[in-house]
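Asks: Can you look at this prediction? I've put the sequence above it.
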Amino acid sequence: MDLLLDINVAVDVCTKRSPFYLDADLALAKCLYEGGRLWLYAGSVQTLEYVTRQELKQSQRPDSPSPSAKQLSRQARNLLKVFTADKHWLAALAGEGDVFDSEDPEDEQLIRALARLGPDARLLSRDGPLAECYPERVLSPAAYLAMDRPRRALEFIDLKTPQDAIRADLERGIHRVLHHGQYILGPEIAELEAALAEYVGVQHGLTVASGTDSLEIALRALGIGPGAEVITVPFTWISSAEVIGLVGATPVFVDIEPASFNIDVTRIEAAITPRTKAILPVSLFGQMADYGAINALAARHGLPVIEDAAQSFGATRHGRRSGGVTTIGSTSFFPAKPLGCYGDGGALFTDDDGLAEKMRAIRTHGGIRRHHHPLLGMNGRFDTLQAAVLLAKLPHFAGEVEARSRIGARYTEQLQDRCGTPSVMPGNTHVYAQYTIRLAERERVADALKAQGIPTAVYYPKCLHEQPVFAELGYRWGDFPEAERASCEVLSLPMHPGLTEPDQDRVLSALSVCLKT
Ligand SMILES: *Cc1c(COP(=O)(O)O)cnc(C)c1O
């Protein structure tokens, strides 16, 4: 449960005001221990400083020389600086300014701001009348301490904690867009595209509306349409094959290789026909396929390669970044992906100037200048607001990639003797978009974990050749034994860069109990 701290509670703790600070201190510790956040309202800063100063003044011992106003002010600011350092600032929004009809504008602001934190958050306050006015929203430190500790369910992917680290930059970036008003292809888009291209190590980065649109734009730019075949895998998210159908071409599936869940390179050649126009391998769960071998084979047949790097952004193979090793690389910024925005989004990468220009045109209705459309395109642009979100996240991404790899390795270390664990192929780093194990009795284990508050997910319970939409391709069960076996065995565990060791231990110990029985 998140707590917004009223001025009185903040000052109690900050100045160690007796006897109140004892309960207040404990309440704050309890909140953090239970995984909650402590918030201070940015609109209250001046009052907070004023009240702290007053409290310091009143608490002077009568026999000691009274400090100057300047000294008191400095002392108050120093105390507040330390106290607020590990709290979260809740922004004051425009809608919290028109509070003059209220009997108590300051309380009204706090209650309105609190509502933004969701129905579970409470205002922690010693103000009795305020608590009577809003019995559902306000708690005293004593009342909060008396509450039972709720059993905290783990999150499969925690999107909130990473936000804590970027809140100030995020809000600044979003507000900048609100004020300059260039919502479509605003300056943040060009800034982000340059940063992404540099990160991936290619000449051209192009943001788009989703990781599905990016694949479709890549195929269209390569001129792939009716009559063409595109090779991909049957064990992936629907998008990888959906886009092939959307441009009028035919997906041709090649089985996966069980250790990496990625395309089995040794089986590609047999699937190539005169109609084959591209190879679209997926870097599944966060590690790259064997692009050295795939590129060599594609070059022999004169085929372009599109890496579906939706799950592997940040991963490397022999030191080269995912997205930057094939004719075109495509990624997704769906919130749960390694680099996620707060909505839909994606990006394309290439070193080919001509393809970059075509993809840029297709993204905006096939136009190369205003009212001139030589190509069939789409409305596939990324939002400027989402670009601002990613610009705030990008400086933290390297640290997140490192955390993902460390957390994944720790899972493997503890689990490798008890169930199938993901193998990191030689030359690869893994970003664990999913940490996926293999189990014979997946449903029983998933249910047992769920009962202990540990969420799991199955990616993917059904292969693409079994999906009704692809029935007309004529594949049958048995055609792709490794993909089919994976779809029956895989189970993904909670995985995100903020997963703490104690939380990971909770997963591991719960899992070790189920695997024993
Ligand atoms: C998520 C995903 C996509 C599609 O990305 P969206 O941004 O959701 O459209 C494509 N391929 C794979 C492998 C994915 O995991």
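Replies: Sure, I can see it.
Asks: hey, let's count contacts and neighbours off CA atoms from now on
Replies: OK.
Asks: What is the neighbour count of Arg300?
Replies: Other residues lying near Arg300 total 9 when counted by other CA atoms under 10 Å.
Asks: What does it show for phi and psi?
Replies: With angles defined as degrees, to the nearest 10, Arg300 sits at phi -60, psi -30.
Asks: Can you read off the pLDDT for it?
Replies: Per-residue pLDDT puts Arg300 at 98.
Asks: Would you quantify the distance from it to Ala271?
Replies: 14 Å (CA to CA, to the nearest Å).
Asks: Residue of the stretch 251-400 of the chain nearest the ligand, please.
Replies: Using CA to the nearest ligand atom, the single residue of the stretch 251-400 of the chain nearest to the ligand is Ser332, 4.2 Å away.
Asks: how close does the residue of the chain most remote from its centre get to His371?
Replies: For the chain, the residue at maximal distance from the C-alpha centroid (CA atoms, centre = their mean) is Asp63, at 57.3 Å. Asp63 sits 82 Å away from His371, going by CA to CA.
Asks: Thr266 now?
Replies: Per CA to CA, Thr266 is found 47 Å from His371.
Asks: Comparing the two, which residue is more hemmed in?
Replies: In this view Thr266 and His371 are compared by other CA under 10 Å, and Thr266 has more residues nearby, 14 against 9.
Asks: Surely the more buried one forms part of a helix?
Replies: Yes: assessed by DSSP: H, G, I helix; E, B strand; the rest coil, Thr266 belongs to a helix.
Asks: For Val99, see how far away Val13 is.
Replies: 28 Å.
Asks: Residues of this structure that sit close to the ligand?
Replies: Counting by CA under 6 Å from any ligand atom, the positions of the chain adjacent to the ligand are 210-212, 236-237, 239-240, 282, 308, 310-311, 332-334, 344-346.
Asks: can you rerun that using 5 Å?
Replies: 210-212, 237, 239, 310, 332, 334 (CA under 5 Å from any ligand atom).
Asks: Can you pull out the residues in contact with stretch 494-505?
Replies: By CA atoms under 8 Å, 6 or more residues apart in numbering, the residues outside stretch 494-505 that reach it are 154-158, 161-162, 400-401, 403-404, 407-408, 411, 432-435, 454-456, 507.
Asks: In PyMOL, how would I select the buried members of the residues you listed?
Replies: Buried residues within these, by 16 or more other CA atoms under 10 Å, are selected in PyMOL with:
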select buried, resi 154+155+156+157+158+162+400+401+403+404+407+408+411+432+433+434+435+454+455+456+507
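Asks: Domain map for the chain?
Replies: For the chain, automatic domain parsing gives the domain ranges 3-152, 162-391, 395-516.
Asks: Of the ones you listed, which stretch is the most buried?
Replies: Highest mean neighbour count among the domains of the chain (mean count of other CA atoms under 10 Å): domain 162-391, with a mean of 21.
Asks: For Ala486, which residues are in contact?
Replies: When contacts are counted by CA under 8 Å, 6+ apart, Ala486 touches 258, 261, 438.
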